[in-house]
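> Dropping the sequence and predicted coords here.
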Amino acid sequence: MEINDFRKALEKATQGIPRKHPEAIKSLFREYPHSITLECNPNMMDTKSDCFTYAFKEKIPQNIIDKIYSQEGERSNNNEDDRFQELLDNGFISFHDTQKDDDDTILYFENNVVKHFGKIEGDKIISKWGGKGHIWKHAVFEVPFSYGNTVKYSNGQVDIEVLKKIFRISS
């Protein structure tokens with residue numbers, strides 16, 4: 001199996017109506033055997049929850065997450081490509097190229113811009129695909145092609161002060 005062909009097919013399968021994604025991904029198995037399983041089907045109306053929220057929900061207080069998403073439209077020009085890059089550039093979390101024993105977070109990059117976050121669980125990743133998407137359990141590169149071809153790892157320790165500064169949140 002050519003991994004990029006699979007990832008491009010996966011990209012196509014996860015476009016459109018999210019409730020159709022599980023069957024579309026399952027049907028890919030015939031041509032592209034994979035280990036992707038549906039971990040959770042979140043409330044489809046929760047458009048504020050995404051891969052960032054899912055990966056860091058246990059590390060960032062909910063009131064700060066709520067403030068981030070209430071301001072997001074105001075502070076950005078809705079450029080998905082650099083939505084969280086400013087956080088990384090300012091030291092929100094540290095990350096590295098090789099996975100270490102205490103790492104619990106994975107970051108996906110394309111052209112040095114972060115595209116996706118996931119949680120490490122053993123040899124698998126659990127991540128939410130899209131604002132209205134599902135939560136999937138998968139191998140490191142069993143993700144849509146647009147999430148990038150470079151991964152970095154982190155122990156997931158966050159600097160809340162960076163969040164507050166960038167999103168102009170007072171304590």
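Done, it's in.

> CA atoms for contacts and neighbours, from now on please.
Will do.

> tell me the mean pLDDT over the strand ranked longest in the chain?
If you go by DSSP state E, the chain has its longest strand at strand 113-121. The predicted model gives strand 113-121 an average pLDDT of 95.

> And the contacts of it?
51-52, 54-55, 81-82, 84-85, 103-109, 125-128, 146-148 (C-alpha atoms under 8 Å, 6 or more residues apart in numbering).

> hmm, which of those are the buried ones?
Restricting those to buried positions leaves 51-52, 54-55, 85, 103-109, 125-128, 147-148, with burial counted as 16 or more other C-alpha atoms under 10 Å.

> Among the residues you listed, which lie within helices?
Those of the buried ones among the contacts of strand 113-121 mapping onto helices are 51-52, 54-55, 85, per DSSP state H.

> Let me have the residues you listed in CSV, extended by pLDDT and distance to F29.
Converted to CSV, those look like this (pLDDT from 0 to 100; distance: C-alpha to C-alpha, whole Å):
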residue, pLDDT, distance to F29
C51, 91, 24
F52, 91, 27
Y54, 90, 26
A55, 94, 26
Q85, 88, 33
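
> Serialize the residues you listed to CSV and add fields for distance to F92.
Shown next, in CSV, are those (distance: C-alpha to C-alpha, whole Å):
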residue, distance to F92
C51, 16
F52, 12
Y54, 16
A55, 13
Q85, 10
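
> quick check, nearest of the residues you listed to A9?
Closest approach to A9 among these (C-alpha to C-alpha): C51, at 20.4 Å.

> Helix or strand for V162, just tell me which one.
Element membership for V162, per DSSP states H and E: helix 160-166.

> which residues of the protein score low on pLDDT?
Scanning the chain for pLDDT under 70 picks out the ranges 1, 42-48, 71-83, 171.

> all strands for this protein, in order.
Counting by DSSP E, one finds strands in the chain at the ranges 37-40, 105-110, 113-121, 124-128, 135-138, 150-154.

> Sweet, I'm off.
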